[in-house]
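Engineer: would you be able to build a 3D model of this:
(one chain, ligands or ions: 1)
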Amino acid sequence: MVSGHPLPGTGAVTGVLEALAFLRDANFAQQRFEQLGNVYKTRLLGQSMVFVRGGVAIGDLLAQPDATEGWWPESVRQLLGSRSLANRNGAAHKARRRVVGQLFSAAALRRYSPEIVAMVDELTSELVGSTGPVPLVERMRRFAFAVIATVVLGLDAASRDALFVDFEIWTRALFSLPLAIPGSPFARALAARNRLLGQLQQVLAQARQRAEAGLPLSGGLDLLSGGLDEAGLPLDDDDLVEQLLLLLFAGYETTASSLSCLLLAVLQDPALMPWLQGELDGLSWPPTAELAATAHDAAVAPRLNAVVQEVMRLNPPVGGFFRRTTRPLVLEGRQVPAGCVVQVALAASNRYRVADSAQLQGDDLEQFRPQRHLEAHDGLTLLPFGGGERVCLGKALAELEIRLMAVGLLQRVRFSLVPDQDLCLQLIPSPSPRDGLLVMADHRG
Ligand code: HEM
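Structural biologist: Model (predicted):
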């Protein structure tokens, strides 16, 4: 028997008006937290939903994995597929995490790092040779997609471009109404999904043939061989390709968003670059082979780490993630029944501190101030990569990509913003400057 106070709620009955407000108002969750507290319930289109923010409530949720399971909106669930680890729970989820996690081990990252460095070098050459405005958002998206498709999955350029066309059709419908009416975005996305799975099957088959023939391999797919499911049986290809599709979904927009927001922050704040440059100029490029997997991490580049943390605090690439309760539980003293979808509101949490100590008062959480992460007690609970049993599988790769891009570019390229562009962020699917972050670039002499 769990006991706690009753859950405060918005009183929404059908959830239609709440759903409209949710779609239109970026401060939807924030306003309700201010009125109702850190754990409250509402209804969105007939679905009862509990929103939580702050370290205490989120900590309570993540500490009780046996009382929750993963949850995604129906459109995402169908497009990812029933075999995807994102849609699995318990032993089936754990087994697939173990298999896919091999693609992100330290040994795997050591293998990927030189290729990522080469991509950063290629982009640097392109930028310093450019004579007109360059849209950095597009370049960051291209880079983030190439890291997964080429560096991790081992695709050549032609196969990668073919995959990208279907991938864009598929992603457009991820958060749409899941109605497969002929010609609708969702129906087109389902068809694109089948083609994507077919292409990924071929990628797997080619990797296997090369391994059997003793030919050199590109990518990391050989690391998956011998992967076992929860019954100890080898994962079949139909299963594996759904996990690979998940990687494209999970690792592309998110990483591209954090890179674009990082460059935007550096370009918008005149005091930031000199502060950061003091550290960047002392870092080795390319990183040495021994440090390939951990290059430029917080131990050697604390300022860069603080900037990345601050970018993700104010503009988390994933604004929130979900769980469904399978048993009643108590979150920050509030009773949440079984069968509720819980949304962990990361964006709202990141601008909220559990208890403002006297020492922290006056520290404005709306302000971009990376130095706060270098102070002893910033009082924040930041979980841009989620937490607990479903914590982001690609965290180490994403962090490495971001550090390599930041150091490789900012050491060698000087940027200036093209005037008269909209630098506000569009928030869906992940934060990104509206006009594509147009810059002029030249060599930093
Ligand atoms: C800055 C970049 C990224 C951010 C902010 C991010 C954030 C997240 C978040 C918040 C979750 C949900 C965690 C939860 O439910 O507790 C997640 C899950 C996941 N992420 Fe990432 N991610 C990023 C990049 C990547 C990359 C590069 C990959 C792989 C190529 C990846 C693969 C995954 C996978 C497979 C899951 C599902 C884990 C599970 O359900 O067990 N992510 N990520």
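Engineer: show me which residues of the stretch 251-400 of the chain sit near the ligand.
Structural biologist: Contact residues (Cβ under 6 Å from any ligand atom) of the stretch 251-400 of the chain with the ligand: 251, 254-255, 258, 317-318, 321, 384-388, 390-394, 397-398. For glycine as for every other residue, the C-beta is placed from the backbone atoms N, C-alpha and C.
Engineer: and I116, that's in a helix?
Structural biologist: Yes. I116: assigned to a helix according to DSSP: H, G, I helix; E, B strand; the rest coil.
Engineer: from the residues of the stretch 251-400 of the chain next to the ligand, list the buried ones, please.
Structural biologist: Buried members of these, scored by 16 or more other Cβ atoms under 10 Å, are 251, 254-255, 258, 317-318, 321, 384-387, 390, 392-394, 397-398.
Engineer: among these, name the ones in helices.
Structural biologist: Residues of these located in helices (DSSP state H): G251, T254, T255, S258, L397, A398.
Engineer: and the lowest-mean-pLDDT helix or strand in the chain, how far out from the chain's middle?
Structural biologist: The helix or strand of the chain with the poorest confidence is helix 16-24; it has a mean of 72 (mean pLDDT, DSSP states H and E). Distance of helix 16-24 from its chain centroid, counting by Cα atoms, centre = their mean, to the nearest Å, is 24 Å.
Engineer: next: stretch 312-324.
Structural biologist: With Cα atoms, centre = their mean, you get 8 Å for stretch 312-324.
Engineer: quick one: terminal-to-terminal distance for it?
Structural biologist: Terminal residues of stretch 312-324 are spaced 25 Å apart (Cα to Cα, to the nearest Å).
Engineer: contacts for stretch 282-292 next, please.
Structural biologist: 109-110, 113-114, 117, 121, 295-296, 300-301, 404, 407-408, 411-412 (Cβ atoms under 8 Å, 6 or more residues apart in numbering).
Engineer: run the last query once more with 7 Å
Structural biologist: R110, S113, P114, V117, A295, H296, V300, A301, V407, G408, Q411 (Cβ atoms under 7 Å, 6 or more residues apart in numbering).
Engineer: out of those, who's nearest the ligand?
Structural biologist: The shortest approach to the ligand among the contacts of stretch 282-292 belongs to S113, at 14.1 Å (Cβ to the nearest ligand atom).
Engineer: which ones are touching that closest one?
Structural biologist: S113 neighbours (Cβ under 7 Å, 6+ apart): P287, A292, A293, A295, L400.
Engineer: repeat that with 8 Å
Structural biologist: Contacts of S113 by Cβ under 8 Å, 6+ apart are P287, A292, A293, A295, L400, L404.
Engineer: same question for L197.
Structural biologist: Contacts of L197 (Cβ under 8 Å, 6+ apart): G81, D238, V241, E242, L245.
Engineer: surely the fourth one touches S84?
Structural biologist: Yes. Counting by Cβ atoms under 8 Å, E242 sits close enough to S84 to count as a contact (4.6 Å).
Engineer: buried ones in the helix or strand hosting V241?
Structural biologist: Element membership for V241, per DSSP states H and E: helix 237-251. For helix 237-251, burial by neighbour count (16+ other Cβ under 10 Å) applies to 239-251.
Engineer: how close does R172 sit to K94?
Structural biologist: According to Cβ to Cβ, to the nearest Å, R172 stands 32 Å off from K94.
Engineer: now do the SS call for K94.
Structural biologist: helix.
Engineer: how many other residues sit next to it?
Structural biologist: The tally of other residues near K94 (other Cβ atoms under 10 Å) stands at 13.
Engineer: my read: it touches G101, true?
Structural biologist: No. Assessed by Cβ under 8 Å, K94 is found out of contact with G101, at 10.1 Å.
Engineer: and the closest residue to L247 other than its chain neighbours, how far is that from Q209?
Structural biologist: Using Cβ to Cβ, 6 or more residues apart in numbering and skipping the chain neighbours, the partner closest in space to L247 is I148 (5.7 Å). To Q209, I148 is 22 Å away according to Cβ to Cβ.
Engineer: R83 too?
Structural biologist: Counting by Cβ to Cβ - R83 and Q209 are separated by 23 Å.
Engineer: give me the pLDDT value at I169.
Structural biologist: Note for I169: predicted pLDDT of 89.
Engineer: and it, what does it touch?
Structural biologist: By Cβ under 8 Å, 6+ apart, the neighbours of I169 are R188, A189, A192.
Engineer: nearest residue to it in space, please, no chain neighbours.
Structural biologist: Closest to I169 by Cβ to Cβ, 6+ apart is A192, at 4.0 Å.
Engineer: my read: that neighbour touches D166, true?
Structural biologist: Yes. Counting by Cβ under 8 Å, D166 is a contact partner of A192 at 4.2 Å.
Engineer: what about the closest residue to L245 other than its chain neighbours, neighbour count?
Structural biologist: Spatial nearest neighbour of L245, chain neighbours left out: L196 (6.0 Å); criterion: Cβ to Cβ, 6+ apart. By other Cβ under 10 Å, the residues close to L196 number 23.
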